[in-house]
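>>> Structure for the following, please:
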Amino acid sequence: MRPSSAAVIAALSATLAGAAGCETNRLPTAPSDLATGIVVYEHANYQGASAHITDDVRDLRDVRGPCEHFDSDGSNGGRYYYDWNDCISSVKVAPGWRATLFRDDNYRDDELAITADVPNLQLVTEHDCPHDGLNDCITSVRVRRQ
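The predicted structure follows:
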């Protein structure tokens, strides 16, 4: 049985607890030799910040990342936060692994199943993301061994 994304995030959080001032969970960065899961990148052609994902992530807003967002809650003027939501532009896939990328949380809306590297999600056609393709439009990820 695969652990829930909450369990994965909790385990990652415990592993990374040494990072001072972390208010949200983090994913590990890209390994030098990709043997499991996938690595997502902030920019096309595997550039920018990276994160190694080996289990499903239901909502990338729950994982600290490089992209800045603003939440205006109305009561105190809002706040800035950083996560991986709508922040992925390229993906590397480990041999023997498969990933399904979803536009919305909880594995909903547009989806893209991949078993090989995708250097630029902007070039993935037939999706209604306003950034072209699925560039900067991914909110949840399923990861499996093939």
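>>> can we go C-alpha only for contacts and neighbour counts from here?
Noted.
>>> CA atoms only for the strand or helix carrying Arg144, dumped as PDB, please.
With elements taken from DSSP states H and E, the one containing Arg144 is strand 140-145. The C-alpha trace of strand 140-145 is given here as PDB (Å, rounded to 0.1, in the frame of the first residue of the first chain):
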ATOM      1  CA  SER A 140      -0.900  17.500  -8.400                       C
ATOM      2  CA  VAL A 141       1.300  14.600  -9.300                       C
ATOM      3  CA  ARG A 142       1.000  10.800  -9.300                       C
ATOM      4  CA  VAL A 143       4.200   8.800  -9.400                       C
ATOM      5  CA  ARG A 144       4.500   5.000 -10.000                       C
ATOM      6  CA  ARG A 145       6.900   2.300 -10.900                       C
END
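>>> can you give me the helices in the chain?
5-15 (DSSP state H).
>>> any weak-confidence spans in it?
Within the chain, the stretches with pLDDT under 70 are 1-24, 74-76.
>>> Double-check Phe102 against Asp110; I have them as touching.
Yes. With contacts defined as Cα atoms under 8 Å, Phe102 counts as touching Asp110 at a distance of 5.7 Å.
>>> Which one's more surrounded, the two?
Phe102 (23 against 16; other Cα atoms under 10 Å).
>>> Leaving out the residues flanking it, which one is nearest to that one?
Excluding the flanking residues, the one nearest Phe102 by Cα to Cα, 6 or more residues apart in numbering is Glu111, at 4.4 Å.
>>> and the gap between the one you found and Arg64?
22 Å (Cα to Cα, to the nearest Å).
>>> do Asp110 as well
Per Cα to Cα, Asp110 is found 23 Å from Arg64.
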